[in-house]
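# Pasting the sequence and the predicted model now:
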Amino acid sequence: NVTSSNVSISGSQVTLNPTTDLSFNRSLYVNIDSGAFEDTVGNIYDGLDSSDSDAGMRFTTELDVTIPTITLYNPAQEETNIVINTDLEFTFSETIVIGSGNITVHRVSDDLIIDTFDVASSEVTIVDKKLVITPSTDFPYNTTLYVNIDSGVVKDLRENDFVGLDSSLPETGLRFTTYR
């Protein structure tokens, strides 16, 4: 409807602002009915038929290639005095859904795997932009740990996989120290 608030006209330019975003990576075309517009002296617009592949206004929306990234860790990087029954929380840059793979917690002193969480397990929950691990057993006390996340453990709503997290090197990813 050209009288909608989603359509604006300025001089000879018509702008359509859809109420929802266009889907990513879609081929689209625009048709305008004859008589939808008329100029200031009453000439009626003939219309636009873009249904033929070589006519009118056709375009393809861009791909969503933005991968989800971690924006916040809890506990914070290199935080100390963390209780041994703490949850691990990861906030992402966009809404995420379950993928497949594991999240592993390692002891820094010898890289021993302390715990492994399958992303599909009951110990892992995902809500909107947040992944939370609620371990069923406590972490060892007075121990520095790091967390690795497999690539593809989560993905965004457009199927872009999270690239993973490698915290095995100092000052990378998520490392923390428990105290009791």
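Good, I have the coordinates. Residues are numbered from 1 along each chain as shown.
# My guess is Ile113 contacts His106. True?
Yes - the criterion here is CB atoms under 8 Å, and Ile113 meets it with His106 at 5.6 Å. Any C-beta I mention is one placed from the backbone N, CA and C, and that applies to glycine too.
# Please identify which of those two sits among more neighbours.
His106 (20 against 11; other CB atoms under 10 Å).
# Pull up the pairing partners for the helix or strand encompassing the more buried one, direction included.
Assessed by DSSP states H and E, His106 sits inside strand 102-107. When pairing is defined by DSSP bridges, strand 102-107 lines up against strand 113-118 (antiparallel), strand 144-149 (antiparallel).
# hmm, who's touching the helix or strand following the last one?
The reference is to strand 144-149. Per DSSP H and E, the first helix or strand lying C-terminal to strand 144-149 is strand 154-156. Residues from elsewhere that reach strand 154-156, judged by CB atoms under 8 Å, 6 or more residues apart in numbering: 64, 66-68, 92, 94-99, 119, 126, 131, 161-162.
# Mean confidence (pLDDT) on strand 154-156, please.
Averaging pLDDT along strand 154-156 gives 97.
# The helix or strand following it vs strand 102-107, what angle?
As assigned by DSSP H and E, the chain's next helix or strand after strand 154-156 is strand 174-178. Compare the direction of strand 174-178 with that of strand 102-107 by axes from the mean of the first three to the mean of the last three CA atoms, to 10 degrees and you get 50 degrees.
# For strand 174-178, output the C-alpha coordinates as CSV.
Coordinates of each C-alpha in strand 174-178 appear next as CSV, following Å, rounded to 0.1, in the frame of the first residue of the first chain:
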residue,chain,number,x,y,z
LEU,A,174,39.0,-18.0,30.3
ARG,A,175,41.4,-18.8,33.2
PHE,A,176,40.5,-18.6,36.9
THR,A,177,41.7,-19.9,40.3
THR,A,178,39.5,-21.6,42.9
